[in-house]
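S.K.: My questions concern the predicted model and sequence given below.
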Amino acid sequence: MIDADLDAILDALHHKKPLRIEETESRIEKVFKKPAKYLLWSSVTFALALGLLAICVWAFDLSPNYWASTAVFLIVASVGTGVLWMIADLLPTLIGIYFYKDDFHKARKLTVIHDLQHARDLHQFDIAALRLTDQWLSLRIERMRLYLGLIIGGADKVALLGLILGAWGIWTNFPGGGITLEQYGYVAFSAFIVGLGGGGVLANVVIKELSYQRDLLSLALSTAPSNA
């Protein structure tokens with residue numbers, strides 16, 4: 001019975017999304033929103049393009065000297081847009097807290113009302129099943145975070161650092177005259193690291209979604225009638 005309830009709870013959580021960003025954005029966040037989004041995906045695109053370029057140079061025996069300037073541009077663009085994305089993503093929040101306190105406060109109230117309504121919708125399920133689902137999500141999120149942050153830390157940093165290190169590795173081992181098979185292996189491995197960095201960005205999206213679902217479960221458990 002609990003297993004069936006768990007399945008139903010997960011289905012219900014899947015359709016519950018956070019309050020739309022547009023409804024909680026401060027004036028300064030609206031200014032930075034689009035640039036930050038474009039910077040993030042530009043960083044990923046440039047890094048993946050660098051890996052693809054290295055593979056093409058090796059596979060089609062192209063002149064590495066001819067493509068070296070393109071490789072330099074791609075790594076600088078990937079690292080630069082990645083760093084700018086982190087600044088554009090963090091700066092609006094810091095500015096909003098200090099200079100747009102009313103907007104920040106209103107956004108938090110709207111979020112609370114929205115999330116509490118979602119949490120109350122979960123009261124139809126058995127408390128034991130809710131607790132089990134909460135525990136499972138907690139373990140799932142922790143496993144993903146440990147996987148991404150085994151050495152470095154947060155998923156954002158892991159993803160960005162993976163892109164930067166991968167791009168740098170490809171550039172430092174970029175195919176050149178007299179390059180050995182071993183160096184080609186370094187290029188392939190660096191391209192693999194770039195792929196992990198791109199995957200880290202996507203994994204962070206999944207972690208955020210699962211974390212929100214667990215937040216709703218915590219609210220549902222704390223506001224359940226039996227706990228009142």
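M.R.: Looks like it came in fine. A quick note: this is a predicted structure, and the numbers were derived from the prediction, not measured. Numbers count the residues shown, from 1 in each chain.
S.K.: what's the weakest-modelled helix or strand in the chain?
M.R.: Comparing every helix and strand of the chain by mean pLDDT, DSSP states H and E singles out helix 155-172 as the least confident one, with a mean of 58.
S.K.: which residues does Thr93 contact?
M.R.: By Cβ atoms under 8 Å, 6 or more residues apart in numbering, the contact set of Thr93 is Glu29. (Each C-beta comes from the backbone N, C-alpha and C, glycine too.)
S.K.: in the helix or strand hosting it, what's buried?
M.R.: Per DSSP states H and E, Thr93 falls inside helix 64-99. Under the neighbour-count criterion of 16 or more other Cβ atoms under 10 Å, helix 64-99 has 64, 67, 71, 74-75, 77-79, 81-82, 84-86, 88-89, 92, 95-96 buried.
S.K.: Show me what secondary structure element comes after that helix.
M.R.: As assigned by DSSP H and E, the chain's next helix or strand after helix 64-99 is helix 101-121.
S.K.: Pull out the buried residues from the helix or strand following that next one.
M.R.: Where DSSP H and E defines the elements, the next helix or strand beyond helix 101-121 is helix 127-148. By neighbour count, with 16+ other Cβ under 10 Å as the criterion, the buried positions of helix 127-148 are Ala129, Leu130, Leu132, Thr133, Asp134, Leu137, Ile141, Met144, Arg145, Leu148.
S.K.: my guess is the fourth one contacts Ala8, does it?
M.R.: No: between Thr133 and Ala8 there is no contact under Cβ atoms under 8 Å: 9.6 Å.
S.K.: What strand or helix carries the closest residue to Ala88 other than its chain neighbours?
M.R.: Using Cβ to Cβ, 6 or more residues apart in numbering and skipping the chain neighbours, the partner closest in space to Ala88 is Ala36 (3.9 Å). Using DSSP H and E, Ala36 falls within helix 27-59.
S.K.: Helix, strand or coil: sort out Asp61 for me.
M.R.: The three-state label given to Asp61 by DSSP: H, G, I helix; E, B strand; the rest coil is coil.
S.K.: show me what contacts it?
M.R.: Shown in contact with Asp61 (Cβ under 8 Å, 6+ apart): no residues.
S.K.: same check, this time on the one 5 residues further on
M.R.: For Tyr66, the contact set (Cβ under 8 Å, 6+ apart) is empty.
S.K.: measure it to Glu22 for me?
M.R.: 46 Å (Cβ to Cβ, to the nearest Å).
S.K.: just Ala88 next, same as before
M.R.: In terms of Cβ to Cβ, Ala88 sits 17 Å off from Glu22.
S.K.: Equivalent analysis for Thr81, please.
M.R.: Thr81 sits at a distance of 24 Å from Glu22 (criterion: Cβ to Cβ).
S.K.: One more: Leu84?
M.R.: From Leu84 over to Glu22 (counting by Cβ to Cβ), the distance is 23 Å.
S.K.: ok, now Val76?
M.R.: When Cβ to Cβ is applied, the distance between Val76 and Glu22 equals 33 Å.
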